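>>> Quick one, what's the 3D model for this:
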Amino acid sequence: MEFSGKKVTVVGTGISGIGAVGLLNAVGAEVVLYDGNEKLKIEDIEKKLGTYKAEIVLGELTKELTDSSDLLVISPGVPIDSPVVKAFEAAGVPVWGEVELAYAFDKGKVLAITGTNGKTTTTALVGQIVGAYHKDTFVVGNIGNPYTTEVLKSNKDSYTVAEISSFQLETVHEFHPLVSAILNITPDHLNRHYTMDCYVQTKEKIAMNQKGSEVCVLNFDDDYLREFGEHTTAKVVWFSRFTKPDRGAYMEGDMICYTDGIRSQELLNVHDMNLIGAHNYENVMAAVCITKAAGIPDEIIVEQIKQFKAVEHRIEFVTEKNGVRYYNDSKGTNPEAAVKAIEAMTRPTVLIGGGYDKGSEFDLYVKAFKDRVKLLVLIGQTSDKIEATAKKYGFTNIIKAESLKEVVDICAENAKDGDAVLLSPACASWGMFDNYEQRGRLFKEYVNAL
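Below you'll find the predicted structure:
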């Protein structure tokens, strides 16, 4: 699409929407920034825009706007079945997301990563490995750095490492990574996607435009992905904790290994890494497969894996107070992610759970407690639901709290020397917090103030 002189409506005034406005300004489009929340203040949005230019429209959507637009660009938080999107579709306006918009201008190689859990850690690790190989490496997407703000810096030799959420994959059309990866698929965001089939199919869209010469990295231990590997058009490279695949990464004891189908090699021992937990061994194996497929030399891959430290909010060690180790896993926003954090604990653990209800069930979460979790402290909308599930399985040592500050105080009172306190809520942060980052940073602030 030629953008010069075209009228593009961007929906959403968050980081993705603002990034889209900046890119559209740079390519000569006429931009309208729309948000249905009429209580927002135009001057606040103008501050966010800074030097970017857009006509700001708040409140009720008009037919004049839908009929005069050449393209609609939506932020990931806007569902594709929302009335706003439906109105533009009814007017015959194409609907893109921020990722599709940015990809239209990417001149280099794209490595794209999705999955229910592990996306951010794997994306950050791949970005660090690739960045050590080539200076023009951009780490973008759901990781918090909008693709649209970086893409015009790309060139024919550059690499874009992109974390892509299911919300962003709803609106891809031409998006075409050189290497794609789906780390795992477990139930999540069913309040948005409605059915598991829809969620799975949305995740699989990351590879829909790939050809047989391009690589899709998949988790052999995931039933959905093993089936998908049989019919994707891309060349499949597997990773597995339990099986040696025909081609890909696998584990032999504590060693992470790789086979190209002919020759097998040992790459590194998991005890030489800073990352802990079996889920992180999977993330590392995925990163090995992605970066080898992108042509990065083994010695760079191994050295960067050894140097890599956990990303903020993902089983992040905060501090030790009175012999109690505190961990921030605010990014554990669904039960499966939280289970991985619980399983990584090696001490008796006081667990903090609860938050916004995305329609998740918490049986897996509670079953992971076993002899690890000694006390469950609950907060937020899902407190009653998690409590009922815990009691169903015979776990009754539960305290409810009204605020995160109160939660931290309760944990400090109940944790003993040699214990751990783990914030891994199994729920989104919305309602009480702007996002999981704010939740995690407040937790660390309260812990460090103890």
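>>> tell me the mean pLDDT over stretch 226-244?
For stretch 226-244, mean pLDDT rounds to 96.
>>> Off-centre distance for that stretch?
Stretch 226-244 has its C-alpha centroid displaced from the chain centroid by 21 Å (C-alpha atoms, centre = their mean, to the nearest Å).
>>> How about stretch 216-229?
On C-alpha atoms, centre = their mean, the centre of stretch 216-229 falls 18 Å from the chain's centre.
>>> ends of that stretch, how far apart?
In stretch 216-229, first residue to last residue: 8 Å (C-alpha to C-alpha, to the nearest Å).
>>> And that stretch, what's buried?
Along stretch 216-229, these residues count as buried under the neighbour rule (16 or more other C-beta atoms under 10 Å): Cys216, Val217, Leu218, Asn219, Phe220, Asp222, Tyr224, Leu225, Arg226, Phe228, Gly229. C-beta here means a position set from N, CA and C on the backbone, and glycine is covered the same way.
>>> Is Thr148 part of a helix or strand, or is it coil?
Under the three-state scheme (DSSP: H, G, I helix; E, B strand; the rest coil), Thr148 adopts helix.
>>> Gly22 is in contact with that one, correct?
Yes. Using C-beta atoms under 8 Å, Thr148 is in contact with Gly22, at 6.5 Å.
>>> neighbour-wise, which of those two wins?
Neighbours were counted for Thr148 and for Gly22 using other C-beta atoms under 10 Å; Thr148 has more, 27 against 20.
>>> list the contacts for the more buried one?
Thr148 is in contact with Ser16, Gly19, Ala20, Gly22, Leu23, Glu98, Leu101, Ala102, counting by C-beta atoms under 8 Å, 6 or more residues apart in numbering.
>>> And the pLDDT for it?
pLDDT, Thr148: 96.
>>> ok, now how distant is it from Thr9?
Thr148 is 15 Å from Thr9, where distance means C-beta to C-beta, to the nearest Å.
>>> now swap in Phe167 and tell me
18 Å.
>>> who's more crowded, the two?
Neighbour comparison, Phe167 and Thr9: the larger count goes to Thr9, with 25 against 22 (by other C-beta under 10 Å).
>>> sec struct for the more buried one, please.
Under the three-state scheme (three-state DSSP), Thr9 adopts strand.
>>> On the strand side of things, show who it bridges to.
Val32, Leu72 (DSSP bridges).
>>> contacting residues for it?
Neighbouring residues of Thr9 by C-beta under 8 Å, 6+ apart: Val31, Val32, Leu33, Tyr34, Leu65, Ser69, Leu71, Leu72, Val73, Phe88, Val93.
>>> Contacts for the helix or strand Lys391 falls within, please.
For Lys391, the host element (DSSP states H and E) is helix 383-392. The contact list for helix 383-392, computed with C-beta under 8 Å, 6+ apart, reads 353-354, 357, 361-363, 365-366, 369, 376, 378, 396, 398, 400, 426.
>>> Next: stretch 403-413.
Residues outside stretch 403-413 that contact it (C-beta under 8 Å, 6+ apart) are 321-322, 324, 350, 352, 375, 377, 379, 399, 401, 421, 432, 439, 442-443, 446-447, 450.
>>> if we go to 6 Å?
Stretch 403-413 has contacts (C-beta atoms under 6 Å, 6 or more residues apart in numbering) with Val350, Ile352, Val377, Ile379, Ile399, Ala401, Val421, Leu442, Tyr446, Val447, Leu450.
>>> Would you mind listing the buried residues in it?
Buried, per 16+ other C-beta under 10 Å, within stretch 403-413: Leu404, Val407, Val408, Ile410, Cys411, Ala412.
>>> Turn the residues you listed into JSON lines, including distance to Asp81 and pLDDT.
What follows is these, written out as JSON lines (distance: C-beta to C-beta, whole Å; pLDDT from 0 to 100):
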{"residue": "Leu404", "distance to Asp81": "33", "pLDDT": "97"}
{"residue": "Val407", "distance to Asp81": "36", "pLDDT": "98"}
{"residue": "Val408", "distance to Asp81": "39", "pLDDT": "98"}
{"residue": "Ile410", "distance to Asp81": "41", "pLDDT": "98"}
{"residue": "Cys411", "distance to Asp81": "40", "pLDDT": "98"}
{"residue": "Ala412", "distance to Asp81": "45", "pLDDT": "97"}
